[in-house]
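Student: Here is my input, please return the structure:
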Amino acid sequence: MPKLTIDGIPVEVEPGLTVLQACERAGIEIPRFCYHERLSIAGNCRMCLVEQEKAPKPIASCAMPVMEGMVIKTNTPMVQKARRGVMEFLLLNHPLDCPICDQGGECDLQDQAMAYGMDHGRYEENKRAVRDKYMGPLVKTIMTRCIHCTRCVRFATEVAGVEELGALGRGEHMEITTYLEKALASEVSANVIDLCPVGALTSKPYAFNARPWELRKTESVDVMDAVGSNVRVDTRGREVMRVLPRLNEDVNEEWISDKSRYACDGLRRQRLDRPYLHRDGKLVPVTWREALGAAAERLKAARPERIAAVAGDLCDAESMFALKGLMASLGVGNLECRQDGAKLPASSRADYLFNTTIAGIERADACLLVGTNPRWEAALVNTRLRKRHLMGGFKIAAIGPALNLTFPVEMLGDGPKALVEIAAGTHPFAQVLKDAKAPMLILGMGALARPDGAAIYALARKLGEGLKREGWNGFNVLHTAAARVGAMDLGFLPSGKLGDIGAVLDAASGGGLDVVYLLGADEIDMKRLGKSFVIYQGHHGDAGAHRADLILPGAAYTEKNGTYVNLEGRAQLAMLASAPPGEAREDWKIVRALSEAAGKTLPYDTLGALRQAMVKAHPSFAHIGGVEPASLAAFNGAAGAPGSGAFAYPIANFYMTDPISRASTTMAECTEAFLNGSAPLGADRGTGTHG
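Tutor: Now for the predicted structure:
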């Protein structure tokens, strides 16, 4: 390994690193604007200049590879003068916008001008002005502030995979633009805001709303999909002002999807803030005592086999564990968490997990997508797949309608026929998977949430067993709901005479159910609940609340401490960032109070006691933040013959998939800008191989 000296300190680093990275290894800070560890090297800003012994002039440390025997100095008079000169040039045309700039308080240019710049400027000519560009409803542009670092251009091209940002002109006339000035058509487009080191690209929905020093910052996890992206929730008082990404190399790296970032304004709209009871043909507000009494009366009056409970897609594990305990005390076995009707078994955890793990995608060398559009269902999984594609030596094919996943995909067909052939070994791609050292299969809800889903799952599992290698499990299920894996870990599944959600709805519509308890469940067909008494516990006035006979107002994910398990089986904690509105309460507390009203008091009074009981019953919840590998056993489930119809992807609108995003005005603007009157982002008008 190369050995060099940095500021008199001997340093030994891995070959291939740059001088800037070597300085960071030695604990020495080097200023930079254009360099970013997840993007290609541009060498634009020259802020990272350092002195190299025997070199005639300062070198750009971000672009200079380390060499044996180098002697680097990072704080000499020459370096200080060079940095001051670079900073002076960067500020020549920069407007004096700091008091009104949304980047104020968290601006790299501000910070580095204070640390490395001069206390005066010598430029007296008129500053350059650049016309602002349109980049859609999410990204606000003030392009006069741009310093041409090209981070946004490199992110759009390399990470997002949409080559819509670039530079026009040269020198002082260079401008960053979307060429035809259209909206950035990417599900991760707003990450350019975090990357921008100045105030050129800022958040349009958040503009002029708050300053960073006014906000209380809470580390939490995202629930807009099943990835479990690590986020930071910034609040002012009781209002969530913004959601930002948090670094987690194993899950989301440092990116989040646009929906995760901007759906938070839906937390302020259409909220349920007090209990309601259906009387005289309409819902009327009641006290908590009346609401819990009415719910308990209905539950005690009905026979256990005529009660069902359905858990929604945004539920925390604690509330589902409490509701399962209440239903068990009443003798109720009709539980369900698979609102979409996915034919997912739960005999072992490996049956329904993303076993490769998200970070493990980077080790794979072949991939087969079955009935899934990861660009919409799990945008951060899609960016990992693209990252692996850019490394080279990665063959990927898909079964389903034509896709544009931002990287080339070989389309093998739109229905189960190709999967049957691959499982039988008669399709050419079967040999690709067989020869691969680390093959993976990703099975989506578009293949499972259909009448022949059990047969398709059996085929995929048979194929998945052949993808096992030493220390490698290539069978993966791509969930779309944040609560799904946690619910299956808890066993929130049918144990009574009724089967899946289809059987529950059939029984309800046929008069076979007296009470249906919806715990944040809004994605089922409410018309099929018949004359059942519907208890809805949730936080938004969505489909479930419209059908409900009794409403118990709960808390959204930013308003409670809860555990969520992502698609790879990683249990993570969402933390309370703001209080629930009005009389709404945390969900587990509501269930605990209801159990007492029903005479079946649950044996815990605090969240800590509940979690202890949950971990004792389900040990997988004890390992917070980590993944416990699950072994893939031989599958003995009933198969049957799959149908012939084409797969249909489960998400028709990426921006509106749950009660929170459906209440968001920002997501409504995105739907109008990207979907209405145009082809969906994740779809492709053509067929065959697409990039």
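Student: Hmm, Ala574 is touching Glu559, no?
Tutor: No. The pair Ala574 / Glu559 is not scored as a contact, 9.6 Å apart, by C-beta atoms under 8 Å. In short, each C-beta sits where N, CA and C put it, glycine included.
Student: how about the strands in the stretch 151-300 of the chain?
Tutor: When assigned using DSSP state E, counting those that start in this stretch, the strands of the stretch 151-300 of the chain occupy the ranges 166-168, 175-177, 201-203, 216-221, 230-236, 239-245, 276-279, 282-285.
Student: burial count for Gly281?
Tutor: With neighbours defined by other C-beta atoms under 10 Å, the count for Gly281 comes to 5.
Student: Give me the distance between it and Asp549.
Tutor: 11 Å (C-beta to C-beta, to the nearest Å).
Student: before we move on, what SS does the closest residue to Thr144 other than its chain neighbours have?
Tutor: Counting by C-beta to C-beta, 6 or more residues apart in numbering, Thr144 lies nearest to Val130, which is 4.8 Å off, once chain neighbours are set aside. Of the three states, Val130 takes coil according to DSSP: H, G, I helix; E, B strand; the rest coil.
Student: tally of neighbours for Val130?
Tutor: Residues near Val130, counting by other C-beta under 10 Å, number 20.
Student: before we move on, what about the one 5 residues further on?
Tutor: In terms of burial, Met135 registers 24 neighbours under the definition other C-beta under 10 Å.
Student: so what pLDDT did it get?
Tutor: For Met135, the pLDDT comes out at 93.
Student: ok, for it, nearest residue in space, not its chain neighbours?
Tutor: In space, Met135 is closest to Leu184, 5.2 Å off (C-beta to C-beta, 6+ apart).
Student: if I pick the one you found, what's in contact with it?
Tutor: By C-beta atoms under 8 Å, 6 or more residues apart in numbering, Leu184 lies in contact with Met135, Gly136, Leu138, Val139, Ala156, Ala160, Val162, Glu164, Leu165, Thr178, Val192.
Student: Next one, pLDDT for the residue nearest to Thr144 please.
Tutor: Note for Val130: predicted pLDDT of 93.
Student: Over to Pro197?
Tutor: On the pLDDT scale, Pro197 gets 96.
Student: Also Pro2?
Tutor: 87.
Student: ok, now how distant is it from Pro15?
Tutor: 6 Å.
Student: what touches both of those two?
Tutor: Residues touching both Pro2 and Pro15 by C-beta under 8 Å, 6+ apart: Val66.
Student: Who has more neighbours out of those two?
Tutor: Each of Pro2 and Pro15 has its neighbours counted (other C-beta under 10 Å); Pro2 has more, 17 against 10.
Student: what sits against the more buried one?
Tutor: By C-beta under 8 Å, 6+ apart, the neighbours of Pro2 are Glu12, Val13, Pro15, Val66, Met67, Glu68, Met70.
Student: Could you rerun that using 10 Å?
Tutor: 11-17, 22, 65-70 (C-beta atoms under 10 Å, 6 or more residues apart in numbering).
Student: I'd like to know how far it sits from Glu14.
Tutor: Separation of Pro2 from Glu14 (C-beta to C-beta) stands at 8 Å.
Student: Find residues that contact each of the two.
Tutor: Ala22, Val66.
Student: end to end, how far does stretch 248-259 reach?
Tutor: Taking C-alpha to C-alpha, to the nearest Å, the first and last residues of stretch 248-259 lie 18 Å apart.
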